[in-house]
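**Q** fold the following.
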Amino acid sequence: MTQHMQEEELIESIIAGDKQLFALLVDRYKNKVYGILRGMGASHPDAQDLAQDTFIRIYRYLPTRRVGSSFSSWVYTIAVNRMRDFIRQKKPVMTADEPVMEPASEETPERHILHKEMQREIYRQMEQLPESYRLVLLLKYTNELSYEEISDITGMSASQVRNAMYRGKKMLKKQMERKGGLATYEAYSK
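**A** Below you'll find the model as predicted:
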């Protein structure tokens, strides 16, 4: 609770004109933002650029942030949305039959935070998977690509993609069971 209050005071000071304090927020969140972007499939240079752009947006929109809401959740939402914009700009728009964004109006702040926490834990566990399993899972669940699109990207056949997806999920489930986070995994994977 005190860190939340300190963070709110820091934000108020930045908005009031003490712009140098923004560096403290950047230091606090830069690794987490970078990690989310990398987990979503950004290359090292792209993740650095996207993280920088995320912090520029945070600085620009800081005065419009809803006071009292979770700042970290707001930061991660900006980063994820920036990555989604980046992905849409890079790939041709061919999936008109699938919705791109889930409706934000039905999502409560608590649900949003829990979802982000689950994602972070799953990404930590996914780092332990073989690269081919991790790539297929990230492309499917983070970037919301079809099996055919994943096949085109990875050079695998559609059946190899399905096989890697199945084995990756199974291995991830075992890791989550060992860690005691199976309920988190099952809630996220539905």
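**Q** please count neighbours and contacts with C-alpha atoms only from this point.
**A** Will do.
**Q** contacting residues around the helix ranked longest in the chain?
**A** If each helix of the chain is counted by residues according to DSSP state H, the longest one is helix 158-179. Helix 158-179 is contacted by residues 125-126, 129, 132-134, 136-137, 147-148, 150-151, 182, 185 when judged by C-alpha atoms under 8 Å, 6 or more residues apart in numbering.
**Q** just the ones of those residues in helices?
**A** Those of these mapping onto helices are 125-126, 132-134, 136-137, 147-148, 150-151, 182, 185, per DSSP H.
**Q** just the buried ones among these, please.
**A** Among the ones in helices among the contacts of helix 158-179, those classed as buried by 16 or more other C-alpha atoms under 10 Å are Q125, M126, Y133, R134, V136, L137, Y147, I150, S151, L182, Y185.
**Q** please name the nearest non-neighbouring residue to the second one.
**A** This means M126. Nearest non-adjacent residue to M126, counting by C-alpha to C-alpha, 6 or more residues apart in numbering: R134, 6.0 Å away.
**Q** which residues sit in contact with that neighbour?
**A** The contact partners of R134, by C-alpha under 8 Å, 6+ apart, come to M126, E127, G168.
**Q** and V33, by the same measure?
**A** So V33 contacts A51, V75, Y76, A79 (C-alpha under 8 Å, 6+ apart).
**Q** now with 10 Å, please.
**A** With contacts defined as C-alpha atoms under 10 Å, 6 or more residues apart in numbering, V33 is in contact with 26, 39, 47-48, 50-52, 54-55, 72, 75-80.
**Q** helix, strand, or coil at it?
**A** Classification of V33 using DSSP: H, G, I helix; E, B strand; the rest coil returns helix.
**Q** ok, so what distance separates it from A42?
**A** Taking C-alpha to C-alpha, to the nearest Å as the criterion, V33 is separated from A42 by 12 Å.
**Q** shared neighbours of the two, which are they?
**A** In contact with both V33 and A42: Q48, L50, using C-alpha under 10 Å, 6+ apart.
**Q** related to what we said a few turns ago, which of the contacts of R134 has the weakest pLDDT?
**A** Ranked by pLDDT, the contacts of R134 bottom out at E127 (74).
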